[in-house]
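>>> got a sequence here, can you build the structure:
(chains A and B, ligands or ions: 3)
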Amino acid sequence: MDKLYGYVGKIARINLTDSTVAFISTSDYVPKYIGGRSICNKIFWDEVKPGTKAFDPENKIIYMTGPTTATGIPTGGRTVFTSIAPNSFPEQYAWSGIGGWFGAEVKFAGFDGFILEGKAPEPTYLYIEDGEIKFLSARNLWGKLVHDTQRKLEEIHGKDVKSIVIGPAGENLMRNASVTTSNDNVAAKAGLGAVFGSKNLKAITVRGAGVVVPADIKKVLELRLKMSHPAMIPRPVINETEHGLPGATTIVEGGWQRAQVACSHGCNQHCMCLMLDMKSAFSEEKVNHVEKCVSPLAFNMTIDVPYGGPGGPGGTFQTEQNHYPACKMLSREVDPPDTSDPYFEQEFAPAPSDILNYWKHDFDKGSIINDLCNEYGIDKWDVIIWLLPWLAMGKNEGVFDDIDFGMEIDVESEKFIRYLLDMIVYRKGYYGNLLAEGMARAIRTLGKEKFGNTIYHGRYSRILDKQIDIPISLEGAWGHTVHWQGRGFQGSIAKPAWVATNLHQMNATRDSQTIQHHHDTFEHYLELKDDPCRSPLTAKAVVMGENMAEIKDSVTCCDWQSPNLFWPEMEAEMFSAATGIPMTKEELLNVGERSRLLYRAIMINHSGRNRQMEVNEIFAIMQYPDPWGETVTWDEWNDLVDLYYAERGWDKETGWPAREVYERLGLDEIADELAESGKCR
Amino acid sequence: MEDNEKNQRSFGRHIVQTSSDISFCAGCNACGIVCSLVHDGVVGPSYNRIFMEKGTQSMVTVIHTCQQCADHPCYEACARKDQAMCLDENGTVFINDDFCIGCKRCIKACVFDPPRINYVKSTDKTKRKAKKCDLCHTRLEGPACVQYCQVSCLKLS
Ligand code: SF4
Ligand code: SF4
Ligand code: SF4
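Residues are numbered from 1 along each chain as shown, chains lettered A, B, ... in the order given. Ligands and ions are numbered 1, 2, ... in the order given. Modelled structure (predicted):
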């Protein structure tokens, strides 16, 4: 192949066992697999054997940038890891995205990605500079907190290096440990921090003086202007007196200051709110805190997210006029709604939220929870949406009466939260060790009936005006807690939105919502709303969302930018501008579907995934009522799964894709391999 | 450079960052990215002519730009003055790449820390070049960094 624009051309195979490096040409994969998750999936399929466990040296971490990374195309700074994920239950192949400046620097240093394999004989970090990869001792870094590690690496190698590091949680194989950039971008969902830890890999530090050359500069500049929606208007530092969710804010003593910052190289989105002068968990010094969507949840969990309308929070069903990306409403990142939209009234009709009463609001405590998670390197979502509510709800119901954690459970107390996280991160005592295994595993060891399924009586539906039951453990599927699934926190979304989200989760191996918030058009909503489980439109939108998620993580772009249902060519334009390779939206959808199909093949081959397993896994959470008292019946759910499999071309009985599907996408050899073990007909 | 010394110098028109009560720099790098794209057609840290100092954990970004010093010490120091380092009719110091031999004298002469001139390293000596803000003086739309700063926090002084 001629010069690859957009890419830098090389992937490094880094063997930690014997400190060797080999190089693979990116053009071995492009353009059939275009980057990010699509290349990761292919490498994983080719290289990792079924039966591999997350912490085996044979497990590999595959990290890939995308063709737009460091080209100046907005949101291209996002990159992806894949591996067998310790935080999924059971352990399964999963992915984890990360923003920040690391990915761009990897390309400036001459690599499109790397494959981390084996296990270093002692604590190690990698130092990568302009094509050269060194294995250095991390003895002096092991045990350090995330930001101390980042600072130390900058002291050693200079301020302009970019690092990803793990904290003590990763070192101690806490199953939901994250990998973290200096500005607290994390790859957290799959628990890959613990895979780093299992490989004795503390950090990767990179510096590059090289260049990335996009093919069509005029187009790159045009995209920079066009993609800046919602408008990036001047955002001064704003003095605020309160913080939290609309209708449920916390008064901040002395006030606080808010500014907005971009999360990754060349990004056009304000996806982070910079909170100046926050209380810090580990020093007296006031620190700045970068808030992501999970943060307001740390400050106030007395009520559910109160955004409403039939689309539910995050703009699940969009109109052309009110095209606002998922979750951005939480961080107040959207333009004011266009009231001339004919569907405005319906779209924005307020839906009252639930009263949850997990814990009271306290700005400093919220800040400390976030800071602890950041510094230890833990997935905040797991802590804030699952662990702490579980303790609060379980205590309320008396399930912990016979348990001695060594300190009285009190989620209102900063002291208790510090004690608890310290105990878990450092695996202190029986319960520290147990909870470090993650909530799904810990609850099963303790006894799921009592410690998972016991009903919490403190939740009230403001829609039905009555007490409404949820379990004390907000487990969704595959060892992950709920996320826009109509139950527990973020429960106030209407059935058409949550059935779709649950279908997304059913087909994943981890919480999928951070890269595939459900999207559909409002016209579709009007057609499917009365019977969402029986509408092929629900299945179609889920298939689109899943394929788009592969595209997002491959091109790369972010979930706040993509998909734009009213600019469907956007990702193809981004790809072509970066690489010069012509790509229509249909062709790109094939790339997305191919990547998704490979992911499916890996799930089938490694985890024995099939229909029965999947339906059973997700059905339980939907048996608890949403704030409208709605659930799904077995028949309703199975009808929707039928529609989804039909839309995919997968066998209804097994959930396995038909041979024709593999062949249509040029994956004949995958079909052959699966057929050998009877998993493709 | 000490503040009082800086205050005594006089500067030409240059790119400035607005104060944070008007617009807060998002720290996105767009200014540096478009700068190198419009000049060299590449994205890379050694090609941009506008510099971000990002508080690594604080995320507060300070933008450093060439001040177009009235006495232009970088221009004076250039081994190929008027060929490599040149002055235009407005007193803007700019580099003509074709003649730049990458000797780094201008970088050493820059009165600021960090110097406001970037440098492209290469094993091929002919490709070693200094890169400096020329206020996009040949660009019809004016400075690219100002045009593409998505929060309008850059302007021409
Ligand atoms: S490069 Fe430095 S010395 Fe030269 S004009 Fe700019 S600020 Fe002054
Ligand atoms: S004015 Fe032009 S040359 Fe100067 S920093 Fe801005 S984009 Fe670069
Ligand atoms: S483009 Fe604007 S917001 Fe972005 S880094 Fe430059 S000055 Fe800051």
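
>>> for chain B, what's the longest helix?
Scanning chain B for the helix with the most residues, using DSSP state H, yields helix B:30-40.

>>> with ligand 2 in mind, check whether the next helix or strand after that helix reaches it.
Using DSSP states H and E, the helix or strand that follows helix B:30-40 in sequence is strand B:51-54. No: Strand B:51-54 stays clear of ligand 2 (C-beta under 6 Å from any ligand atom), getting no nearer than 8.9 Å. All C-beta spots, glycine's among them, are computed from the backbone N, C-alpha and C.

>>> strand B:51-54 and ligand 1 in contact?
No: Strand B:51-54 stays out of contact with ligand 1 when judged by C-beta under 6 Å from any ligand atom, the minimum separation being 11.0 Å.

>>> so for that strand, what gets flagged as buried?
Residues B:Phe51, B:Met52, B:Lys54 are the ones in strand B:51-54 that count as buried (16 or more other C-beta atoms under 10 Å in any protein chain shown).

>>> and the last one, what's its pLDDT?
Note on B:Lys54: pLDDT of 83.

>>> that one and A:Met583: what is the separation?
Going from B:Lys54 to A:Met583 by C-beta to C-beta, to the nearest Å gives 33 Å.

>>> what do you get for the first one?
Noted for B:Phe51: a distance of 35 Å to A:Met583, by C-beta to C-beta.

>>> now do the contacts for residue 30.
Picked chain A for this. A:Val30 is in contact with A:Met1, A:Leu4, A:Tyr7, A:Ile39, A:Pro67, A:Thr579, A:Ile581, counting by C-beta atoms under 8 Å, 6 or more residues apart in numbering or on different chains.

>>> wrong one, chain B
Contacts of B:Ala30 (C-beta under 8 Å, 6+ apart): A:Gly72, A:Arg224, A:Gly266, A:Asn268, B:Cys145, B:Tyr148, B:Cys149, B:Gln150.

>>> quick check: the gap between the second one and chain B.
As for A:Arg224, its distance to chain B is 6 Å (criterion: C-beta to the nearest C-beta, to the nearest Å).

>>> ok, that residue to A:Ile73 distance?
8 Å.

>>> same deal with the fifth one?
From B:Cys145 over to A:Ile73 the distance is 17 Å, taken as C-beta to C-beta.

>>> now do the fourth one
As for A:Asn268, its distance to A:Ile73 is 9 Å (criterion: C-beta to C-beta).

>>> hang on, the earlier thing: which members of the contacts of B:Ala30 are positioned in helices?
Reading helices off the contacts of B:Ala30 with DSSP H, I get A:Arg224, B:Cys145, B:Tyr148.

>>> ligand 1 next: which of those residues are close?
Applying C-beta under 6 Å from any ligand atom to those, none is adjacent to ligand 1.

>>> now, among the residues you listed, which is nearest to A:Asp160?
Checking those against A:Asp160 with C-beta to C-beta, the nearest one is B:Cys145 at 19.4 Å.

>>> neighbour count: B:Cys145 and A:Ile73, which is higher?
Between B:Cys145 and A:Ile73, A:Ile73 has the larger neighbour count (other C-beta atoms under 10 Å in any protein chain shown), namely 32 against 26.

>>> my guess is the more buried one meets A:Thr579, correct?
No: using C-beta atoms under 8 Å, A:Ile73 makes no contact with A:Thr579, being 10.5 Å away.

>>> longest helix of chain A?
helix A:585-607.

>>> ok, then the element right after that helix?
Moving toward the C-terminus from helix A:585-607, the next helix or strand (DSSP H and E) is helix A:611-619.

>>> may I see the buried residues of that next one?
A:Arg611, A:Glu614, A:Val615, A:Glu617, A:Ile618, A:Phe619.

>>> now those in a markdown table, with pLDDT?
Output for the buried residues of helix A:611-619, formatted as a markdown table (pLDDT from 0 to 100):
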| residue | pLDDT |
| --- | --- |
| A:Arg611 | 97 |
| A:Glu614 | 97 |
| A:Val615 | 98 |
| A:Glu617 | 97 |
| A:Ile618 | 98 |
| A:Phe619 | 98 |
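
>>> now, among those, which is nearest to ligand 2?
In terms of C-beta to the nearest ligand atom, no member of the buried residues of helix A:611-619 lies closer to ligand 2 than A:Ile618, at 51.1 Å.

>>> correct me, but that closest one touches A:Gly476?
Yes: using C-beta under 8 Å, A:Ile618 is in contact with A:Gly476, at 7.5 Å.

>>> overlap in contacts of the two?
Residues touching both A:Ile618 and A:Gly476 by C-beta under 8 Å, 6+ apart: A:Asn502, A:Gln505.

>>> from chain B, how far out is the residue most central in space within chain A?
Nearest to the mean C-alpha position of chain A, counting by C-alpha atoms, centre = their mean, stands A:Thr514 at 3.8 Å. Between A:Thr514 and chain B the computed distance is 20 Å (C-beta to the nearest C-beta).

>>> where does that residue land in three-state SS?
Three-state call for A:Thr514 (DSSP: H, G, I helix; E, B strand; the rest coil): coil.

>>> export the ones in helices among the contacts of B:Ala30 to a markdown table and tack on pLDDT?
Formatted as a markdown table, the entries for these read as follows, by pLDDT from 0 to 100:
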| residue | pLDDT |
| --- | --- |
| A:Arg224 | 94 |
| B:Cys145 | 97 |
| B:Tyr148 | 94 |
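
>>> now the residues you listed as CSV including distance to A:Asn288?
Shown next, in CSV, are these (distance: C-beta to C-beta, whole Å):
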residue, distance to A:Asn288
A:Arg224, 27
B:Cys145, 25
B:Tyr148, 26
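
>>> need the contact partners of the lengthiest strand in chain A.
Assignment by DSSP state E gives strand A:248-261 as the longest strand of chain A. Counting contacts by C-beta under 8 Å, 6+ apart, the residues outside strand A:248-261 that touch it are A:183, A:235-244, A:270, A:272-278, A:290, A:299-300, A:302-303, A:306, A:333, A:353, A:361-363, A:366, B:20, B:24, B:26-27, B:59-61.

>>> wait, A:Gly97 touches A:Gln516, no?
No: with contacts counted by C-beta under 8 Å, A:Gly97 stays clear of A:Gln516, the gap being 10.8 Å.

>>> quick one: name the residues of chain B near ligand 1.
Near ligand 1, when you scan chain B using C-beta under 6 Å from any ligand atom, you find B:66-69, B:72-74, B:93, B:110-112, B:116-117, B:132.

>>> ok, so of those, who is nearest ligand 2?
B:Cys66 (6.8 Å).

>>> tell me the SS of that closest one?
coil.

>>> separation between it and ligand 3?
15 Å (C-beta to the nearest ligand atom, to the nearest Å).

>>> contacts only, for that residue.
With the criterion set at C-beta under 8 Å, 6+ apart, B:Cys66 makes contact with B:His14, B:Ile15, B:Arg49, B:Val93, B:Arg116, B:Ile117, B:Lys132, B:Cys133.

>>> do A:Thr180 as well
A:Val146, A:Gln150, A:Ile164, A:Val165, A:Ile166, A:Gly167, A:Val186, A:Gly193, A:Asn374, A:Gly377.

>>> ok, B:Val16 next?
B:Thr65, B:Leu154, B:Lys155, B:Leu156, B:Ser157 are the contacts of B:Val16 under C-beta under 8 Å, 6+ apart.

>>> shaky segments in the chain?
Since no chain was named, I'll use chain A. A:1-2, A:228-231, A:284-286, A:306-314, A:326, A:328-334 (pLDDT under 70).

>>> hm, I was asking about chain B
Chain B contains residues with pLDDT under 70 at B:1-7, B:56-57.

>>> which bits of it sit near chain A?
B:18, B:20-24, B:26-30, B:33-34, B:36-38, B:41-47, B:55-61, B:120-121, B:148, B:150-153 (C-beta under 8 Å from any C-beta of the partner chain).

>>> buried among those residues? Need that as a selection in ChimeraX.
Of the residues of chain B next to chain A, the buried ones go into a single ChimeraX selection, burial set by 16+ other C-beta under 10 Å:
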select /B:18,20,23,24,26,27,28,29,30,33,34,36,37,38,42,43,44,45,46,47,56,57,58,59,60,61,120,148,150,151,153
